[in-house]
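Engineer: fold the following for me, if possible:
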Amino acid sequence: MASQGFISQSDLDKLTTKYDQAAAAVTSARASLEKAKLNLSYTEIKAPFAGRIGKVNYDVGNIVSPSSNELAELTDVDPIYVNFQVEEADYISYRQKHEGSDSNPQNVPIDLSLRLPNNSSFESKGTLDFADTKINRSTGTVELRATFANQKSIVVPGLFVTLIVESKDKKQQALIPQAAVQENQQGKFVLVVGADNKVATRIVKLGRRINAMWVVESGLEQGEQVIVEGLQKVRQGAEVKPVEKQVDHSTGTISNKTDAAS
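Structural biologist: Predicted coordinates for the structure are as follows:
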C-alpha cells in the first residue's frame with residue numbers, strides 16, 4: 001500500500017497563492033501580447049478597397065498620427081462612374097411615356113456609351129445605376145449616374161467625356177451636315193435638289209447632334225439631295241448642276257467623292 005503524504009494548511013495556502021499569482025502573470029502577459037500586436041498593426045496601413053494611389057505626401061521614416069494630413073489619395077477606377085443631368089422636361093416626358101414601369105434605374109431601356117476627348121469611342125457600354133428622386137430647383141435638372149467597366153483604366157477621375165444616351169428602340173434616321181442647315185422665321189431648313197435639278201426649301205425637324213452631323217426627325221425623304229456647299233449662291237427655284245460630295249461625319253470636312261474613295 002502506497003504511503004500518503006500530508007502538508008499543513010499553511011503550506012497549502014502558500015502554494016495556492018503562488019498558483020493564483022502565476023495564473024495572473026500569464027493573463028497579464030497575454031494582455032501585453034495583444035497590446036503589442038495591436039501597436040504593431042498601427043505600423044501598417046491597409047487600403048479599404050483596391051484602386052490606384054496618387055501622390056504620396058509622406059516618405060518612409062516620417063512620423064504620422066491621426067492629426068496628420070492625408071498620407072495619399074486612393075482612387076477606385078474600376079468601375080468608373082459618370083455623373084450627368086437631364087432636363088426636367090425630358091425627365092417628365094420619359095415618366096409619362098413609361099408610366100407604371102419599374103422605377104429601378106438599371107431597368108431603364110436605354111443604351112449608354114462614351115466618347116472620349118480624343119473623339120474615340122470607349123469600348124465598354126454603361127448601365128444607369130442611380131437616378132435622383134427630386135429635381136434641382138436651381139438648375140431644373142435631375143441628377144443621374146452611369147457606371148462603366150474600366151479594366152484598362154482608360155477613363156480616369158475628373159476626365160471630361162461625352163455621354164451618349166440612346167433608346168434601345170432604334171430606327172433608321174437621316175443624318176445631314178450641320179453646315180447644310182439654315183434658319184429663318186419658320187424654323188430650321190435645308191436646300192434640296194429635285195429630279196429636275198431645281199432648288200427647293202425643306203423645313204426640317206432636327207434631333208440630337210452627332211459630331212458634325214444632325215439627326216433629321218422629319219422634313220426630308222429618303223434619297224433627297226441636300227446642298228452642303230455654296231448655299232449663298234443658290235435660291236428657291238433656281239436650276240443647278242449638282243456634284244456629289246463626301247462629308248466626314250466626325251469633322252464635317254467636305255470633299256469630292258472621288259477624292260474620298262481614292
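Engineer: got any ranges where the stretch 151-262 of the chain has weak pLDDT?
Structural biologist: 169-170, 257-262 (pLDDT under 70).
Engineer: ok, which stretches of it are helices?
Structural biologist: 257-261 (DSSP state H, counting those that start in this stretch).
Engineer: contacts only, for the closest residue to Val161 other than its chain neighbours.
Structural biologist: Nearest non-adjacent residue to Val161, counting by CB to CB, 6 or more residues apart in numbering: Leu114, 4.9 Å away. All C-beta spots, glycine's among them, are computed from the backbone N, C-alpha and C. For Leu114, the contacting residues are 82, 121-122, 124, 126, 148, 155, 161-164, by CB atoms under 8 Å, 6 or more residues apart in numbering.
Engineer: quick check on Leu114: phi, psi?
Structural biologist: The phi/psi pair for Leu114 (degrees, to the nearest 10) reads phi -120, psi 140.
Engineer: who is it paired with across the strands?
Structural biologist: Per DSSP bridges, the residues bridged to Leu114 are Leu163.
Engineer: quick one: it and Asn150, what's the gap?
Structural biologist: Distance, Leu114 to Asn150, by CB to CB, to the nearest Å: 10 Å.
Engineer: now the common contact residues for these two.
Structural biologist: Counting by CB under 8 Å, 6+ apart, the residues touching both Leu114 and Asn150 are Ser124.
Engineer: which non-adjacent residue is nearest Ser255?
Structural biologist: Gln246 (5.1 Å).
Engineer: and that neighbour, how far is that from Leu220?
Structural biologist: Separation of Gln246 from Leu220 (CB to CB): 19 Å.
Engineer: tell me which residues touch Leu159, please.
Structural biologist: So Leu159 contacts 116-117 (CB under 8 Å, 6+ apart).
Engineer: give me the three-state assignment for the residue positioned nearest the centre of the chain.
Structural biologist: Nearest to the mean C-alpha position of the chain, counting by CA atoms, centre = their mean, stands Val82 at 2.4 Å. The assignment at Val82 comes out as strand when based on DSSP: H, G, I helix; E, B strand; the rest coil.
Engineer: these two touch, right, it and Thr162?
Structural biologist: No. The pair Val82 and Thr162 does not pass the contact test of CB atoms under 8 Å, sitting 9.9 Å apart.
Engineer: from the middle of its chain, how far away would the lengthiest helix in the chain be?
Structural biologist: Counting by DSSP state H, the longest helix found in the chain is helix 9-41. Remark: helix 9-41 is offset 59 Å from the chain centroid, using CA atoms, centre = their mean, to the nearest Å.
Engineer: how many neighbours does the residue nearest to Ser255 have?
Structural biologist: 14 (other CB atoms under 10 Å).
Engineer: is it true that it touches Ile254?
Structural biologist: Yes. Counting by CB under 8 Å, Ile254 is a contact partner of Gln246 at 7.3 Å.
Engineer: domains in this protein, as residue ranges please.
Structural biologist: Taking automatic domain parsing as the criterion, the chain consists of the domains 80-167, 174-261.
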